[in-house]
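> got a predicted model here, sequence first, then my questions.
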Amino acid sequence: MKYRIGLHLFFFLFVLFWLSSCENDDFSLDEYENSNSHLMSEARHYFEEYASIEMEGEPTGLHPGNIAPEWSKAKVFIRPETMTVNVPLITEATYEGSFYNDVDTVSGEFRDTYFTVMLQKLVVVKNLETDIYSCYIATIIPSEEYATKNRTKIDKMCYSGDPNSEFSGTIVYSTVTTNYTISVEKYINGILYDQRSLYYASADLYEYLNEMAQFLCSARINRNVRTMTKNGEFGGGGSIELPEVVITPDPKPTPPPPPPSLPPPYTPPTDPVMPPLGPPAYPPGYVPPTSPPQTGGGSSSGGNQQQHPLPKLTSPAPEYDAMTKKINAILAQIYETLKEMGVDLSEFKIEISMGCASTARREADGTIGLCMKFVNGGYSLNDQSSIIWHEAYHVRNDDPCNMDEHKVPSGIGYSNIPSDIEDYIRNELHGGRISDQAYKDEITVSRIKSPVYYRNEVSAYQAEMNNGINVSSSYARERSFLYWKHQQDLKIAEQYYNK
């Protein structure tokens, strides 16, 4: 069934809503204490003309149904390049659901789910450089930490375009009338750490749209439909469970008319820059000319502080695909942990290392390489954060050294081995008890690197053990062993390297 929204429907809802709400009687923008009221008035004028245009299309995905904006409660945020108006909505439909919250770093499978209601609001954004408007329905899904059954709490925790946002969760931006999904963004404490947007879509649009749907991590979503009462309010209604979130467009949707012509300074785009989306695709008009606003990322004063999601690691070979997926699933959480400690991972190049037996390593060019053991070694998230912290310390502090290995005389090995280190070598180093011969091999040294290499390692482990990250007891023992081992190797290197 086709969904049609027109001028008569929009203003009918508006009149009913105003008549039923005492607090909105005699409301005017002049009474709203906001220094940007003229911008809000302009945004409202744009939206009302936009909403009056008749459009046909399938109401896909999380469609709110009939809507009534609450302009008296709107908030304006100004950034160097954009003006954003957040407008609460009274909607015919509301949504709630269960979402996956945890990824097993060993299997890569989703494990637990959490329940939360979702909130939808109107977002009108203006590009201050081009004076071009666009509007979106923003669907806000809080993370598990902030999950709630109270939509008012969600409204207060997330405002699109707010430079000081500390929101954690997902924001879905969709077209207002047809609800075609344009962008899906994930945040941790106001940091955009991942995004799928039609402004950066691949050539295969339908594959990309499917990826956007999977990106929501929804286990189950319920749609609650409210009926219109005599006084114009929504009330009652049943609950409809949606088997899946559908964000695939109508294969042959009707292109919408051009954006409405508003009084200056609004100027409709003459030749908007659109992503190279080959057919089949949305008609050009369905991708708004102004992208959704930047949220979070610091103060709005100053120059351009465009925030970008964390880069995703690329698998170097098919056999590393599963490993890469596991690392990408946890990288944002590690990023946030280390950022609080003064380590910004966006300053470092990180990649998947092939053929290494350790957990991670510093490559010759300063790249942090993550090895297979990093995800398959049974490490906790804190362990993995500390391991990357260790490698970042190497990048920042290592002295240059020769990585060539030299042979040492036969029979050279470790002596005066502490009992706890001996116990670790015999019973934990290789996942179980080893033979006496294997133990002897472990404490015997046949090749050695430069003393500078071991000084770098000793310094990095010493710093890591004092970085304050609460690691697991098993990793703490592994780290203590490696710290001791590198100290012994340093003594041998100082005696035999280049001799």
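Thanks, I have it.

> give me the below-cutoff pLDDT ranges for the stretch 101-250 of the chain.
The stretch 101-250 of the chain contains residues with pLDDT under 70 at 102-111, 200-206, 227-250.

> the strands in it, which residues?
Taking DSSP state E, counting those that start in this stretch, the strands of the stretch 101-250 of the chain run over residues 113-117, 119-127, 132-142, 169-174, 181-188, 191-197, 218-225, 227-228, 234-235, 239-242.

> wait, which of the ones you listed is closest to residue 445?
The closest of the strands of the stretch 101-250 of the chain to residue 445 is strand 191-197. By C-beta to C-beta, the value is 43.3 Å. Glycine gets a C-beta too; all of them are placed from N, C-alpha and C.

> and the closest one, how far from the chain's centre?
Strand 191-197 has its C-alpha centroid displaced from the chain centroid by 4 Å (C-alpha atoms, centre = their mean, to the nearest Å).

> likewise stretch 434-446?
Centroid separation for stretch 434-446 versus its chain: 46 Å, with C-alpha atoms, centre = their mean.

> residue 314: neighbouring residues, count only.
10 (other C-beta atoms under 10 Å).

> no, scratch that, I was asking about residue 357
Other residues lying near residue 357 total 8 when counted by other C-beta under 10 Å.

> quick check: it touching residue 373?
Yes - with contact defined as C-beta atoms under 8 Å, residue 357 counts as touching residue 373 (7.0 Å).

> any idea how far stretch 376-386 is from the middle of the chain?
Stretch 376-386 sits 20 Å away from the centroid of its parent chain (C-alpha atoms, centre = their mean).

> and the helices in this structure?
Applying DSSP state H to the chain gives helices spanning 7-20, 37-51, 151-157, 205-215, 321-339, 373-376, 381-397, 419-427, 436-442, 451-464, 473-496.

> got the angle between the longest one and helix 381-397?
Right, the one you point to is helix 473-496. Inter-element angle recorded for helix 473-496 and helix 381-397: 30 degrees (by axes from the mean of the first three to the mean of the last three C-alpha atoms, to 10 degrees).

> and helix 473-496, how far from the chain's centre?
Worked out by C-alpha atoms, centre = their mean, helix 473-496 lies 37 Å from the chain centre.

> for the third one, same thing?
In terms of C-alpha atoms, centre = their mean, the centre of helix 151-157 is set 20 Å apart from its chain centre.

> now for it, which elements pack on it?
strand 119-127, strand 132-142 (3 or more C-beta pairs under 8 Å, 6 or more residues apart in numbering; DSSP states H and E).

> let me have these in CSV, extended by mean neighbour count and distance to residue 440.
CSV is the format used below for these (neighbours: other C-beta atoms under 10 Å; distance: least, C-beta to C-beta, whole Å):
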stretch, mean neighbour count, distance to residue 440
strand 119-127, 25, 65
strand 132-142, 24, 57
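
> pLDDT score assigned to the residue lying closest to residue 449 once chain neighbours are set aside?
Leaving out its chain neighbours, the residue that sits closest to residue 449 by C-beta to C-beta, 6 or more residues apart in numbering is residue 405, at 5.6 Å. According to the prediction, residue 405 has pLDDT 89.
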